[in-house]
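1. I would like the atomic coordinates for the input below:
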Amino acid sequence: WLTTTPDCQTSGTLVINVRGEDRRFIHAFGANARFDGTEIPADLIRQSRCLYVGGFFLMPQLTSARVVELFRQARDAGIPTLLDVVIPDPTHCWRELQQVLPWTDVFLPNVDEGRMITGLADPLAQARAFREAGAGTVVITRGSAGSVLADQEGILRAGRFEVEFVDGTGSGDAFAAGYIAGLLDGCTSRRCLEIGSALGASCVRSAGATTGVFTRLGKVHGNRMVDVAVTNAKLEDRALRILRDLADVPRDQGRTLLEASSGSVKQALVMALTGLDAEPAATALAEHGPSLRSTLAALDYRLKAPQ
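-> Next up is the predicted model:
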């Protein structure tokens, strides 16, 4: 579903990456300057599986009262509500947010946004403050430091996937998309964090907000990125640990498999578990993949359950 504002340009952002420094953003509001939430029909909300509001505080007409009304309609229909923010000016954010959080099932800020809103540097303290303000589940993303989650059952901490960092643009949105995918699939909070972390990590491997983001193409098994090409020592170490954890392969044998598979972890796993040589393993993935699980099932093999 898409709505247009005929006399406005499309909103756009120019992102400038600077080596060793934070990114610069040049943003044109465009039609987003007019968006206030009333454009969303109530019946569309009732047909949805979740309601996610991203970029709150960046759209000047989308007030806290408007978001509360949208979330109220979703709650009445039994639909989970999720909120993310962008903070150009933190002056009134905390006051406005305190009106919305009691209607928010999952709140997904990053640690810098949390600090600007609450004045607290510790992500756990931020999460507690947002929970006390009414949010059901709070997920604080921390870039290379991973993420933390706080809900009524306690605190979860997640690390990060080891990938080569190229561009962080869009990684927070990719994390949110992964978390939502897990939520809609009925996953546990821990599993939602894993999926979110995997999508966030996939995003930073390429320049651009969506270029490198995983789709449901069998690139992840559990919390392991199995669709990885080994291009440096760090990724080799990661690949050897994946082979060890999922196929009980010692490091020396793992190096041999990776060399034979030209650095493909997924192909090396098929070789280790089935005894196939490199070429038949690649053929099996081409015929039965791209999912590693579906390839092994076709060959009557099963991976160890991810820990």
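2. the host helix or strand of R128 packs against which elements?
-> Element membership of R128 [criterion: DSSP states H and E] is helix 123-132. Applying 3 or more CB pairs under 8 Å, 6 or more residues apart in numbering; DSSP states H and E, we find helix 123-132 packed against helix 111-118, strand 137-141, strand 147-151. Where you see a C-beta, it was placed from the backbone N, CA and C, and this is true even at glycine.
3. hey, which of those is tucked in deepest?
-> strand 137-141 (a mean of 27; mean count of other CB atoms under 10 Å).
4. can you show me the CA trace of that strand as CSV?
-> Output of strand 137-141 as CSV, limited to C-alpha atoms (Å, rounded to 0.1, in the frame of the first residue of the first chain):
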residue,chain,number,x,y,z
THR,A,137,10.0,-5.0,25.2
VAL,A,138,13.0,-2.7,24.6
VAL,A,139,15.9,-3.6,22.3
ILE,A,140,18.9,-1.3,22.3
THR,A,141,21.3,-1.9,19.4
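5. ok, now which ones touch P80?
-> 50-51, 74, 105-106, 183 (CB atoms under 8 Å, 6 or more residues apart in numbering).
6. report the buried residues of stretch 30-50.
-> By neighbour count with 16 or more other CB atoms under 10 Å, stretch 30-50 contains the buried residues 31-32, 35, 37, 40, 45.
7. same question for stretch 231-249.
-> Buried positions in stretch 231-249, judged by neighbour count with 16+ other CB under 10 Å: 235-236, 238-240, 242-243, 246-247, 249.
8. now the buried residues of stretch 30-50 as JSON lines including distance to Q9, secondary structure and pLDDT?
-> Formatted as JSON lines, the buried residues of stretch 30-50 follow (distance: CB to CB, whole Å; DSSP: H, G, I helix; E, B strand; the rest coil; pLDDT from 0 to 100):
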{"residue": "A31", "distance to Q9": "7", "secondary structure": "helix", "pLDDT": "89"}
{"residue": "N32", "distance to Q9": "10", "secondary structure": "helix", "pLDDT": "89"}
{"residue": "F35", "distance to Q9": "13", "secondary structure": "coil", "pLDDT": "91"}
{"residue": "G37", "distance to Q9": "20", "secondary structure": "coil", "pLDDT": "92"}
{"residue": "I40", "distance to Q9": "21", "secondary structure": "coil", "pLDDT": "92"}
{"residue": "I45", "distance to Q9": "27", "secondary structure": "helix", "pLDDT": "94"}
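9. measure A28 to W1 for me?
-> Going from A28 to W1 by CB to CB, to the nearest Å gives 23 Å.
10. those two: which is more packed in?
-> Comparing A28 with W1 by other CB atoms under 10 Å, the one with more neighbours is A28, at 12 against 8.
11. who touches that one in this structure?
-> Residues in contact with A28 (CB under 8 Å, 6+ apart) are 9, 11-13.
12. and the strands in the chain?
-> Listed in chain order, the strands of the chain (DSSP state E) span 12-16, 24-28, 51-56, 81-85, 106-107, 137-141, 147-151, 154-158, 220-221, 224-225.
13. would JSON lines of the ones you listed with mean pLDDT and distance to G196 be doable?
-> Shown next, in JSON lines, are these (pLDDT from 0 to 100; distance: least, CB to CB, whole Å):
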{"stretch": "strand 12-16", "mean pLDDT": "87", "distance to G196": "21"}
{"stretch": "strand 24-28", "mean pLDDT": "86", "distance to G196": "23"}
{"stretch": "strand 51-56", "mean pLDDT": "95", "distance to G196": "13"}
{"stretch": "strand 81-85", "mean pLDDT": "97", "distance to G196": "12"}
{"stretch": "strand 106-107", "mean pLDDT": "98", "distance to G196": "11"}
{"stretch": "strand 137-141", "mean pLDDT": "97", "distance to G196": "7"}
{"stretch": "strand 147-151", "mean pLDDT": "95", "distance to G196": "7"}
{"stretch": "strand 154-158", "mean pLDDT": "92", "distance to G196": "8"}
{"stretch": "strand 220-221", "mean pLDDT": "62", "distance to G196": "11"}
{"stretch": "strand 224-225", "mean pLDDT": "70", "distance to G196": "13"}
